[in-house]
Structures are given as structure tokens and as C-alpha cells.
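**Q** Fold the following, please.
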Amino acid sequence: MNQIRIASFKAEYINLVQKESAENNFELGLETGFSEDDLKSFRIKFRAVISSEVGYELTVEYSSFFETDDEIIGSFKSSNFVTINAPAIAYPFFRSFISTITLNAGYEPILIPTINFQAMAQKNHP
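**A** Model (predicted):
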């Protein structure tokens, strides 16, 4: 791959509900996706469920779309770039989005934790 860049971001699902009995909790899921129509792009999709003791639960699905100069081949799809580097590049934008959405909704902004994607990948695929 010659060059890889973030092309765009998109919040695909947002659900914010008040929950008086909520506890502080953060769950994160990660998914990669490759287009059959566009062989020069892929996406990293984060799905988070965040509960706060200040009284809400936020569920978000947020995708970061990447473009490449070359067509994506099979070995790239399972490479460290897709499983570690691309999520690490996209995650700060996701963190900022979460902070902004909670602030703009009238709550104290939430800063979700940083993630070590290399450790996460090793844990999921020892």
C-alpha cells in the first residue's frame, strides 16, 4: 500500500437516554469492513455503550472510512495496519465525538479511556 488516509467519519447510530440508576461503565466493540464495490477503501467501526452515574446511557456506532492508493488484497485485510494501526488512528476522533455529544446534550462531557489496540489485538488473537 502506498498511501492510506482517513477519508471521512460517520455516526451511524446514536441513542442517549436518561437512566437514574446508571453506573459508570464503558464497553467498546470494534469491527472492520471491506467494500466489494470499492477495492481501495475500508472502514473501522466502533460500537460503544457508555453509562454514567450522572444519569444517562449512551450507545453509539461510529465509523471511520479509510482510502488507499492501491487495491486492497487479502493479506492486507488481516494485517496489523487494519487491526491495530487504523483503529489507533481513528479512535481519537471517536473519543472527541463522544465528549462533544455529551457536552452538547447538556451533560458533563465524558472522556472515554485511551485504548492500547496492540494489547487488544493480542488478547483477541493470542
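**Q** CA only for contacts and neighbour counts going forward, please
**A** OK.
**Q** Could you pull out the buried residues of the longest helix along the chain?
**A** Assignment by DSSP state H gives helix 86-104 as the longest helix of the chain. Along helix 86-104, the positions that meet the burial threshold by neighbour count (16 or more other Cα atoms under 10 Å) are 86, 87, 88, 90, 91, 94, 97, 98, 99, 100, 101, 102.
**Q** So which residues make contact with whichever helix or strand comes after it?
**A** As assigned by DSSP states H and E, the chain's next helix or strand after helix 86-104 is helix 117-124. Counting contacts by Cα atoms under 8 Å, 6 or more residues apart in numbering, the residues outside helix 117-124 that touch it are 83, 84, 85, 87, 88.
**Q** Take these and write them to TSV, including pLDDT and distance to residue 20.
**A** Conversion of these to TSV gives the following (pLDDT from 0 to 100; distance: Cα to Cα, whole Å):
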residue	pLDDT	distance to residue 20
83	89	37
84	92	36
85	93	38
87	95	32
88	95	33
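**Q** from those, which is closest to residue 14?
**A** Of all the contacts of helix 117-124, the one sitting nearest residue 14 is residue 87; the distance, using Cα to Cα, is 19.7 Å.
**Q** Contacts only, for the spatially most central residue of the chain.
**A** Central residue check for the chain by Cα atoms, centre = their mean: the C-alpha nearest the mean position is that of residue 46, 2.9 Å away. By Cα under 8 Å, 6+ apart, residue 46 lies in contact with 28, 29, 30, 31, 60, 61, 62, 63, 94.
**Q** Just the buried ones out of these, please.
**A** 60, 61, 62, 63, 94.
**Q** Let me have these in JSON lines, extended by pLDDT, secondary structure and distance to residue 2.
**A** Converted to JSON lines, these look like this (pLDDT from 0 to 100; DSSP: H, G, I helix; E, B strand; the rest coil; distance: Cα to Cα, whole Å):
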{"residue": "60", "pLDDT": "97", "secondary structure": "strand", "distance to residue 2": "32"}
{"residue": "61", "pLDDT": "98", "secondary structure": "strand", "distance to residue 2": "29"}
{"residue": "62", "pLDDT": "98", "secondary structure": "strand", "distance to residue 2": "26"}
{"residue": "63", "pLDDT": "97", "secondary structure": "strand", "distance to residue 2": "23"}
{"residue": "94", "pLDDT": "97", "secondary structure": "helix", "distance to residue 2": "25"}
